[in-house]
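> How does the following fold in three dimensions:
(one chain, ligands or ions: 1)
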Amino acid sequence: MSLHLYYAPMSSSSRVAWVLEELGLPYEKTKLNLAEKEQKRPEYLKLNPNGKVPLLVIDGRPIYESLAQILYLGETYGVEKGLFPAPGLERAEAFKWLAWSYVTMGESMTRYFRNVGDRFPVEERNTAAAESAKKELLEQLHILEQGLAGKEYLLGAFSLVDAGAAGFCIFMQMRLGFDLAAWPNVASWVGRCMQRPALGRAMMG
Ligand SMILES: N[C@@H](CCC(=O)N[C@@H](CS)C(=O)NCC(=O)O)C(=O)O
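Numbering: from 1, shown residues only. Modelled structure (predicted):
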């Protein structure tokens, strides 16, 4: 088995690096400088025509999309390590939270970020679009708050689902200035997730 992650710090690739570190799998890493547009170089586009990070090359096969990477890593390596549910309804629960985090909450977060973030040209930002994305995010935080009621982690015990989902909330808190205090279950879950040594290792380099 060989794994090679193409990544950029503080990006969608951080969640995949976190999952790889939780699993304790050996992997090679190549850092891309997004500001220098290294993700648009022809040799990289041959591997990932989307021209984005992360890319995970698994036994020579390039797989883009971080959700696909996490699902693959979870079902392939996570079950025996107790970090991902075996096939069955609990796995459906895992898929639900991961898909919701990426497709629903992640979409609102990206829309908000694109309309306020300094990474994007000011003439492409729209205050009304940012406000409506923020309203959705606040409602989604409420859903997450309810999902975490009476639980330390989304599936009860820590799993790779938390690494996939909490990454969005960490980004909201640290990069977008969201105060999670109004959602105490979410805030304490994020705090627990941030103490994972695997996250610390993933953020290095
Ligand atoms: N849906 C993709 C999103 C990937 C994505 O948007 N990556 C950003 C960094 S967070 C990127 O590479 N941006 C550089 C670019 O678009 O040129 C995934 O989850 O893998």
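
> residues touching the residue in the chain sticking out farthest from the centre, list them.
In the chain, the residue that sits farthest from the middle, by Cα atoms, centre = their mean, is Glu123; the gap is 27.6 Å. By Cβ atoms under 8 Å, 6 or more residues apart in numbering, no residues touch Glu123. All C-beta atoms are positioned from the backbone trio N, CA, C, and that covers glycine.

> Mind listing what's buried along stretch 33-47?
Within stretch 33-47, the residues that qualify as buried are Leu34, Glu38, Gln39, Tyr44, counting by 16 or more other Cβ atoms under 10 Å.

> Look at Tyr77 and say how many residues are nearby.
Tyr77 has 20 neighbours, counted by other Cβ atoms under 10 Å.

> cool, Asn48 as well?
For Asn48, the neighbour count with other Cβ under 10 Å is 19.

> Also Leu138?
Neighbours around Leu138, by other Cβ under 10 Å: 13.

> so which pair among the buried residues of stretch 33-47 is furthest apart in space?
Leu34 and Tyr44 (11.3 Å; Cβ to Cβ).

> The ligand contacts on the chain?
Residues of the chain lying close to the ligand by Cβ under 6 Å from any ligand atom are Ser11, Ser12, Leu34, Gln39, Gly51, Lys52, Val53, Pro54, Glu65, Ser66, Leu67.

> Check the secondary structure at Lys29 for me.
strand (DSSP: H, G, I helix; E, B strand; the rest coil).

> Can you read off the pLDDT for it?
pLDDT, Lys29: 97.

> Phi and psi next, for the nearest residue to Lys52 once chain neighbours are set aside.
Ranked by Cβ to Cβ, 6 or more residues apart in numbering and with sequence neighbours excluded, the top spatial neighbour of Lys52 is Gln39, at 5.9 Å. The phi/psi pair for Gln39 (degrees, to the nearest 10) reads phi -70, psi -10.

> next structured bit after the lengthiest helix in the chain?
Counting by DSSP state H, the longest helix found in the chain is helix 127-147. Using DSSP states H and E, the helix or strand that directly follows helix 127-147 along the chain is helix 160-174.

> Buried residues, the very next helix or strand once past that following helix. List them.
Moving toward the C-terminus from helix 160-174, the next helix or strand (DSSP H and E) is helix 184-194. For helix 184-194, burial by neighbour count (16+ other Cβ under 10 Å) applies to Asn185, Val186, Ala187, Trp189, Val190, Cys193.

> what's the closest of the residues you listed to Met174?
Val190 (9.7 Å).

> Check what pLDDT the closest one gets.
In this prediction Val190 is given a pLDDT of 98.

> quick one, what contacts it?
When contacts are counted by Cβ under 8 Å, 6+ apart, Val190 touches Ala166, Cys169, Ile170, Gln173, Leu180.

> again with Tyr44
Contacts of Tyr44 by Cβ under 8 Å, 6+ apart are Tyr6, Leu32, Glu38, Gly51, Leu55.

> which element is it on?
Assigned by DSSP H and E, Tyr44 falls within helix 42-47.

> Cheers, nothing more for now.
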